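Engineer: based on what follows, work out the 3D shape:
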Amino acid sequence: MIRIREDILEAIKQNKPVVALESTIISHGMPYPENVRSANRCQEIIQEQGVLAATIAIIDGDIVVGLTEEEIEYIANKKVEVLKVSRKDIPVAVAKKQNGALTVSATSLICDMVGIKFFATGGIGGVHRGAEETFDISCDLEEFTKSKVAVFSAGAKAILDLEKTMEYMETKGILVLGYQTNELPAFYSRESGIELEYRCDTPEEIAKILKVKWDLGIDGGVFIANPIPKEFSYPSAEINKAIDEAIEEMNKLGIKGKKTTPFLLSKITEITNNKSLEVNKELVYNNCDLAAKTAKIFWLGA
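Structural biologist: Okay, here's the model as predicted:
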């Protein structure tokens, strides 16, 4: 049921660095053809570091680890029905031979199953605003307690309640490392006002902590919070205004569940005249670069 590209399989067997990439950002996170260009660029950035990139999705019921350019184009095509697949949805999509784009939780799970320890994404899911009434909490957070994967992200998605997200992670004992920052990045922006407990200033520091954690047999992954570069950071007040406007419209339309994030990202892109889309791409590229550098040091000591 899992089809691993041959070069990636060999790299895993030989303990060579591989960085995974999710696929919801292709099918549900960006418009066509920007999604294809962005997906290919993510792979290029990782490979420029001498590391293999493994984009993961479900195609016709097969869990594919290491999409080809043709397969990326296939799931990016709006004419093809591609489900948004979280951890719980994997058996259904496979059994029914459907196409599925994997979220952070599903990607982390597959990484853990096949032996990939590094995963670069944009933003993780978390506790949604108003969760005290709706109990809307992404299973991305729970997956951190299970899968031994390092997830490189520009923070939790800015549409979430960031304070509650961090409280939830603290409760679950999830290790969060800020890269060259003492503050949780807020996806589009570098600042959130939320202090982080641990900071690492080099990929070497991150790799050493990961090695110690997993050598000790401690379950679960690590969240590496990597702020978007300063030149691309969106002013906090401006982007928060756009987010509030998008959430207000979403609530009026009664949009809930899996449709929430794709709607909000699309609406924020519209409100900001595509500026947020450009920021989104840059933060993902930045995460790919750091994940590849860290994976290389972890496996090769280079």
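
Engineer: so the nearest residue to residue 226 once chain neighbours are set aside bridges to which residues?
Structural biologist: In space, residue 226 comes closest to residue 179 once its chain neighbours are excluded; the distance is 4.5 Å by Cβ to Cβ, 6 or more residues apart in numbering. C-beta: built from backbone N, CA, C; applies to glycine. Beta bridges link residue 179 to residue 200, judged by DSSP bridges.

Engineer: do you know the pLDDT at residue 179?
Structural biologist: The per-residue pLDDT reported for residue 179 equals 98.

Engineer: got a list of what it touches?
Structural biologist: 199-201, 206, 224-227, 290 (Cβ atoms under 8 Å, 6 or more residues apart in numbering).

Engineer: ok, 6 Å please
Structural biologist: 200, 224, 226 (Cβ atoms under 6 Å, 6 or more residues apart in numbering).

Engineer: and the nearest residue to residue 180 once chain neighbours are set aside, backbone torsions?
Structural biologist: Closest residue in space to residue 180, ignoring its immediate chain neighbours: residue 201 at 5.5 Å, by Cβ to Cβ, 6+ apart. Main-chain torsions, residue 201, degrees, to the nearest 10: phi -110, psi -10.

Engineer: what about residue 201, distance to residue 293?
Structural biologist: From residue 201 over to residue 293 the distance is 13 Å, taken as Cβ to Cβ, to the nearest Å.

Engineer: quick revisit: run a quick neighbour tally on the residue nearest to residue 180.
Structural biologist: 11 (other Cβ atoms under 10 Å).

Engineer: would you confirm that it contacts residue 178?
Structural biologist: No. Using Cβ atoms under 6 Å, residue 201 makes no contact with residue 178, being 9.6 Å away.

Engineer: the closest residue to residue 162 other than its chain neighbours: what's it in contact with?
Structural biologist: Closest residue to residue 162 apart from its sequence neighbours, by Cβ to Cβ, 6+ apart: residue 192 at 5.3 Å. Counting by Cβ under 6 Å, 6+ apart, residue 192 touches 162, 184, 186.

Engineer: rerun at 10 Å
Structural biologist: 155-156, 158, 162-163, 166, 183-186, 225, 227, 236 (Cβ atoms under 10 Å, 6 or more residues apart in numbering).

Engineer: ok, so of those, who is nearest residue 122?
Structural biologist: Nearest to residue 122 among the contacts of residue 192, counting by Cβ to Cβ, is residue 155 at 9.5 Å.

Engineer: residues near the closest residue to that closest one other than its chain neighbours, how many?
Structural biologist: In space, and not counting its chain neighbours, residue 155 is closest to residue 185: 4.0 Å by Cβ to Cβ, 6+ apart. When neighbours are counted by other Cβ under 10 Å, residue 185 registers 27.

Engineer: what about residue 185, distance to residue 24?
Structural biologist: 20 Å.

Engineer: returning to what we had before: and the residue nearest to residue 162, which of the three is it?
Structural biologist: Following DSSP: H, G, I helix; E, B strand; the rest coil, residue 192 is assigned to coil.

Engineer: show the pLDDT at it.
Structural biologist: 94.

Engineer: element containing the residue with the largest distance to the centre of the chain?
Structural biologist: For the chain, the residue at maximal distance from the C-alpha centroid (Cα atoms, centre = their mean) is residue 252, at 28.0 Å. Using DSSP states H and E, the element containing residue 252 is helix 236-253.

Engineer: what ranges do the helices span in the stretch 101-250 of the chain?
Structural biologist: Secondary structure of the stretch 101-250 of the chain, counting by DSSP state H, counting those that start in this stretch: helices at 104-114, 131-134, 139-143, 162-171, 203-215, 236-253.

Engineer: tell me the buried residues in the third one?
Structural biologist: So the one you mean is helix 139-143. By neighbour count with 16 or more other Cβ atoms under 10 Å, helix 139-143 contains the buried residues 139-141, 143.

Engineer: tell me where this structure has strands.
Structural biologist: 2-4, 18-21, 52-59, 62-65, 83-85, 100-102, 118-120, 150-153, 175-179, 199-200, 222-225 (DSSP state E).

Engineer: can I get the last one in CSV, CA atoms only?
Structural biologist: The C-alpha trace of strand 222-225 is given here as CSV (Å, rounded to 0.1, in the frame of the first residue of the first chain):
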residue,chain,number,x,y,z
VAL,A,222,9.8,18.1,17.7
PHE,A,223,8.4,21.3,16.4
ILE,A,224,11.1,23.6,15.0
ALA,A,225,9.6,27.1,14.8
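
Engineer: give the pairing partners of it; include direction for each.
Structural biologist: strand 150-153 (parallel), strand 175-179 (parallel).

Engineer: quick one: contacts for residue 38?
Structural biologist: Counting by Cβ under 10 Å, 6+ apart, residue 38 has contacts 25-26, 29-30, 72, 76, 122, 277, 280-281, 284-285.
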